[in-house]
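> With the input below, show me the fold.
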Amino acid sequence: MTEQQLQSARQLSELDTQLTAAQQQYQSLENDLKRQFAGLEAKLVAAEEAAGPDELAVIEIGLSELREDIRAINNARQLINRDLLQLREQLNRVQLQSN
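Numbering: from 1, shown residues only. This next block holds a predicted model:
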């Protein structure tokens, strides 16, 4: 295995590690947002019984924004997963070339 191949393999391995960590962070953030969303939904149900129309509108706007955030996180996670898969494929090719 040449020095360049070794360096490429190390770099790909580091990127793989970084992407895995980023993926875990996004999943953690997504789970946090889902918990917040569930809590707000429960509050919305309670608020519907006690709140006026203006207060309900504010709550519904907040829920809509949370839904958008969750969609954005899911999109980012899909991109990270795609990039991670590509890097793993590259790493496998480099490892095969080195053998």
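> surely Gln97 meets Gln5?
Yes: in this structure, Gln97 is within contact of Gln5 by CB atoms under 8 Å, at 6.3 Å. All C-beta spots, glycine's among them, are computed from the backbone N, C-alpha and C.
> mean confidence for the helix or strand containing Leu96?
Secondary structure assignment for Leu96, by DSSP states H and E: helix 53-98. Averaged across helix 53-98, the pLDDT comes to 84.
> tell me what it is packed against?
Here helix 53-98 touches helix 3-50, going by 3 or more CB pairs under 8 Å, 6 or more residues apart in numbering; DSSP states H and E.
> show me what contacts the closest residue to Leu63 other than its chain neighbours?
Excluding the flanking residues, the one nearest Leu63 by CB to CB, 6 or more residues apart in numbering is Leu40, at 5.7 Å. Applying CB atoms under 8 Å, 6 or more residues apart in numbering to Leu40 gives the contacts Ile59, Gly62, Leu63, Leu66.
> quick one: which of the residues you listed is nearest to Asp32?
Ranked by distance to Asp32 (CB to CB), the contacts of Leu40 are led by Leu66 at 10.9 Å.
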